[in-house]
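Asks: Below is the sequence, then the predicted model.
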Amino acid sequence: MVKPTIRFKVFPVSKKDNLHNSSILEDSIKEDSVLEDNKLVPSILDGFKEKNMLAVNIFKKIIERTIPAKIIHEDEQCLAFHDVNPQAPVHILIIPKKEIVTHDEITEGDEQLLGHLHLVAVKIARELQLFDGYRLVLNCKDAGGQSVPHLHLHLLSGRPMSWPPG
Ligand code: AMP
């Protein structure tokens, strides 16, 4: 029997690429990778190791109160606190208490929880009077720039945000 071959597209994204420009996006799509029999293909991170996920889940320690944080919201499902290394005048992290390592791990059972994180983001944005707007960021795994292995939303505001993100 002939085994099926799965073809998929690779998006080589450089910092100068503007992914809002669909023609650039289409030009950059290359059907250059073939996944056969679950063999691994080269990672898009090859030659681009800028950040690695930490082995230790610091956020779990914050939930357990074994390390301190400037907590601004807590309920049964989540915690929100100031980022220790803020990238904007307002930089809040919103994390579920449930241990979810990456966005890639979420399941249908997490639907309500993820909606809740967003509602908490809106509540915080209103409390902090971020009426001009804000940006929510969710980094997933190494290529997405994730460093802490516990799903989290970044709520950033207080300065204009440029696009594309780095
Ligand atoms: P990411 O790179 O998307 O995983 O984001 C992790 C964020 O956690 C970074 O913005 C860090 O500055 C932040 N961070 C790391 N350790 C702490 C900590 N102990 N308290 C608050 N924020 C932290």
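Replies: It's in. Residues are numbered from 1 along each chain as shown.

Asks: Could you break this structure into its assigned domains?
Replies: Following automatic domain parsing, the chain resolves into domains at 5-36, 58-157.

Asks: of those domains, which approaches G166 most closely?
Replies: Nearest of the domains of the chain to G166, taken as CB to CB: domain 5-36 at 6.4 Å. Heads up, the C-betas are built off the backbone N, CA and C, glycines and all.

Asks: Could you list every helix and strand that the longest helix along the chain packs against?
Replies: Using DSSP state H, we find that the single longest helix of the chain is helix 111-127. Secondary-structure packing of helix 111-127 (3 or more CB pairs under 8 Å, 6 or more residues apart in numbering; DSSP states H and E): strand 71-74, strand 78-82, strand 90-96, strand 153-157.

Asks: Just put these in TSV and tack on mean pLDDT, distance to D110 and mean neighbour count.
Replies: Shown next, in TSV, are the helices and strands packed on helix 111-127 (pLDDT from 0 to 100; distance: least, CB to CB, whole Å; neighbours: other CB atoms under 10 Å):
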stretch	mean pLDDT	distance to D110	mean neighbour count
strand 71-74	98	19	14
strand 78-82	98	12	20
strand 90-96	98	8	22
strand 153-157	98	13	21
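
Asks: Would you mind giving those as JSON lines with distance to the ligand added?
Replies: Putting the helices and strands packed on helix 111-127 into JSON lines (distance: least, CB to the nearest ligand atom, whole Å) gives the following:
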{"stretch": "strand 71-74", "distance to the ligand": "10"}
{"stretch": "strand 78-82", "distance to the ligand": "6"}
{"stretch": "strand 90-96", "distance to the ligand": "6"}
{"stretch": "strand 153-157", "distance to the ligand": "6"}
